[in-house]
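K.L.:
Structure, please.
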Amino acid sequence: MKNLPRETTGALEARLARELPGYARRVLDALEDAGHEAWVVGGWVRDALLGVSGHDVDVTTRAPWPEAARVLRAANITVHETGTAHGTVTAVVDGMTVETTTYRVEGGYSDRRHPDEVRFVDDVRADLARRDFTVNAMAFHPARGLLDPYGGRADLVARVIRAVGSPRRRFEEDALRVLRAVRFACRLDATIEPATQEALVACAGELADIAQERIGQELDGILATGRAAWALRHEFAVLEAALPELAPLAGFDQRSPYHAYDVLEHTARVCAGAEEFAGGLPTRALRWAALLHDVAKPACWSVDDSGRGHFFDHPRQGARTLRAVMGRMALPTEVTRAAAALVELHDLPVSATSVSVRSMLAELERRAPGQARPLAFALLDLKRADAVAKAPAFRSYATELDEVGAALRSALAAGPVYRVRDLAVGGEDVLRACGIEPGPGVGMVLEQLFAAVMAGELPNDRATLLAQMRW
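P.N.:
Now for the predicted structure:
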């Protein structure tokens, strides 16, 4: 996270006033001109303090939502009544949306997720008091400046995540805040204040009452920060509550000369390595694969007569587990398919030869159709990360993979054959050359030719392949 700009309060407020998007200012002005106090709240304020520009602006106002809707429409602003039970309407200005919500406080949370009742109030401070963390409990107005009753700006400077009010109460209201705390700590490169941390661990088990889709969104957000390694090391109690499949990794001694760490620490190092080798921009699939690449090791563990541990079939079983996890969390199918392919092939032997890299591309294509090319480079990054997370004697494999990467780039430049449709002949050629009727036999011939080309036994040359079919 970048350091907070060094500014006096006056200079900071002037900067925020300049940076506030015009479409949000128009909503504020319409409400204030009609006599209704209004403030910008939430993520825009936090990010603007950090010097990060944002487009997602939320407004809170003293006006009851029907009055807010009337005032905005009178100002020729389009309004959608998107969440009126909670006092929210959505204003649309110049194609940009601004959620506008009446000041409110909330009752009990019997389902650990949604308030049993919402009560509208007149004081913005009461509205801020219901929010999750101090860094999210600030309000801003271009004329009145920054309203920060809970020290959110100071916590941003100190890089601290602190609950507003009673931490236990905040997490008991909405158990998803347990994961949100970790996500914000990761995103802001922050630590979690001790009392908040204590409540975090105490309430982690209540994530069992949260919809898996919501948990998946938060975990995806944690991975997107690039700090999954930190979360695994410092907030494992929360992560294992959110993703129980991680629990067996902690303290699991691999009893292998290849490994110097238990499975959890190895996984943390692979997550960190994937970030480094991908230049800080790994795909979602690579991040999920790094997190779950060895998830099946405890279930696949066996010990030989010498006392050495083995994990036969753990890549395939791990891919199965990953598909189950990402499926129940309703994460995108294409991302899941790609991540599963990476996990299943992360131990695939590869060498710096055309035959080997074509085989790798073919295996990826079979598991994630249409994604083989980008996945090939992601797989090499995963294998590099896996190598540097092993015992010191086996880390040099990461540099050996550089030669494989060079061979892959050369093969791709030459137009490699790694799918049947890449062959220089097709189904019509088979029908004419072999004199057979349309049917499964055509595919069998093409598969045989494909296997021969992949093995380097035949060139992908049309004349050669036609001659082979006629032979």
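
K.L.:
part of a strand, is V92?
P.N.:
Yes: the assignment for V92 (DSSP: H, G, I helix; E, B strand; the rest coil) places it in a strand.

K.L.:
Return the distance of the nearest residue to it once chain neighbours are set aside relative to T60.
P.N.:
When the adjacent residues along the chain are set aside, V92 lies closest to T78, with 4.2 Å between them (C-beta to C-beta, 6 or more residues apart in numbering). Placement of C-beta: from N, CA and C, glycine included. Here the distance between T78 and T60 works out to 20 Å (C-beta to C-beta, to the nearest Å).

K.L.:
Looking only at neighbour counts, state which of these two leads.
P.N.:
More crowded of T78 and T60, by other C-beta atoms under 10 Å: T60, with 23 against 12.

K.L.:
Who does that one form a beta bridge with?
P.N.:
Here T60 shows beta-bridge partners W39, T101, assigned using DSSP bridges.

K.L.:
list the contacts for it?
P.N.:
Contacts here follow C-beta atoms under 8 Å, 6 or more residues apart in numbering; on that basis T60 touches 38-39, 41, 100-103, 124, 127, 139.

K.L.:
Nearest to V118 among those?
P.N.:
Distance from V118 was checked for each of the contacts of T60 by C-beta to C-beta. The minimum falls on T102, at 9.1 Å.

K.L.:
Could you check how far the closest residue to that closest one other than its chain neighbours is from L219?
P.N.:
Nearest in space to T102, with sequence neighbours left out and distances taken as C-beta to C-beta, 6+ apart, is G87 at 3.6 Å. Here G87 is placed at a distance of 30 Å from L219 (C-beta to C-beta).

K.L.:
repeat for D47
P.N.:
From D47 over to L219 the distance is 22 Å, taken as C-beta to C-beta.

K.L.:
what about the two, which has more around it?
P.N.:
Counted by other C-beta under 10 Å, D47 and L219 do not tie: L219 has more neighbours, with 24 against 15.

K.L.:
Count residues in the vicinity of the residue nearest to the more buried one when sequence neighbours are not counted, would you?
P.N.:
Nearest residue to L219, sequence neighbours excluded (C-beta to C-beta, 6+ apart): A242, at 6.1 Å. Neighbours of A242 under the rule other C-beta under 10 Å: 25.

K.L.:
tell me the contacts of A242?
P.N.:
For A242, the contacting residues are 179, 204, 207, 215, 218-219, taking C-beta under 8 Å, 6+ apart as the criterion.

K.L.:
Report the separation between it and D220.
P.N.:
Going from A242 to D220 by C-beta to C-beta gives 11 Å.

K.L.:
My guess is R395 contacts A387. True?
P.N.:
Yes: the pair formed by R395 and A387 meets the contact definition of C-beta atoms under 8 Å, at 5.6 Å.

K.L.:
who's more crowded, the two?
P.N.:
Applying other C-beta under 10 Å to R395 and A387 shows that A387 carries more neighbours, namely 20 against 14.

K.L.:
So for the more buried one, what's the pLDDT?
P.N.:
According to the predicted model, the pLDDT of A387 comes to 97.

K.L.:
My guess is it contacts Y397. True?
P.N.:
Yes: contact status for A387 versus Y397: in contact at 4.2 Å, counting by C-beta under 8 Å.

K.L.:
Need phi/psi at the residue nearest to T102.
P.N.:
Dihedral pair for G87: phi 80, psi 20, per degrees, to the nearest 10.

K.L.:
R308 now?
P.N.:
Summarising the backbone geometry of R308 under the convention degrees, to the nearest 10, its torsions are phi -80, psi 140.

K.L.:
Next: the one 5 residues further on.
P.N.:
Its backbone dihedrals place D313 at phi 70, psi 10, with angles given as degrees, to the nearest 10.

K.L.:
From D189, how far off is it?
P.N.:
Separation of D313 from D189 (C-beta to C-beta) stands at 38 Å.

K.L.:
where does the stretch 1-150 of the chain dip in pLDDT?
P.N.:
Residue ranges of the stretch 1-150 of the chain with pLDDT under 70: 1-5, 107-116.

K.L.:
quick one: the strands in it?
P.N.:
Under the criterion DSSP state E, counting those that start in this stretch, the stretch 1-150 of the chain carries strands at the ranges 38-41, 57-61, 78-83, 88-93, 96-102, 104-106, 118-120, 139-141, 145-147.

K.L.:
outside of the longest one, which residues touch it?
P.N.:
In this structure, residues lying in contact with strand 96-102 by C-beta under 8 Å, 6+ apart are 21, 23-24, 27, 31, 38, 55, 57-65, 68, 72, 82-83, 86-92, 120.

K.L.:
hey, C-alpha coordinates of it in CSV?
P.N.:
The C-alpha coordinates for strand 96-102 follow below in CSV (Å, rounded to 0.1, in the frame of the first residue of the first chain):
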residue,chain,number,x,y,z
MET,A,96,-22.3,6.7,-13.4
THR,A,97,-24.2,5.3,-10.4
VAL,A,98,-24.3,6.8,-7.0
GLU,A,99,-26.0,4.7,-4.2
THR,A,100,-27.8,7.2,-2.0
THR,A,101,-29.0,5.9,1.4
THR,A,102,-30.8,7.5,4.3
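
K.L.:
and that strand, how far out from the chain's middle?
P.N.:
The chain centre lies 26 Å from the centre of strand 96-102; the measure is C-alpha atoms, centre = their mean, to the nearest Å.

K.L.:
how big is the angle separating it from strand 88-93?
P.N.:
Strand 96-102 and strand 88-93 are oriented at 150 degrees to each other (axes from the mean of the first three to the mean of the last three C-alpha atoms, to 10 degrees).
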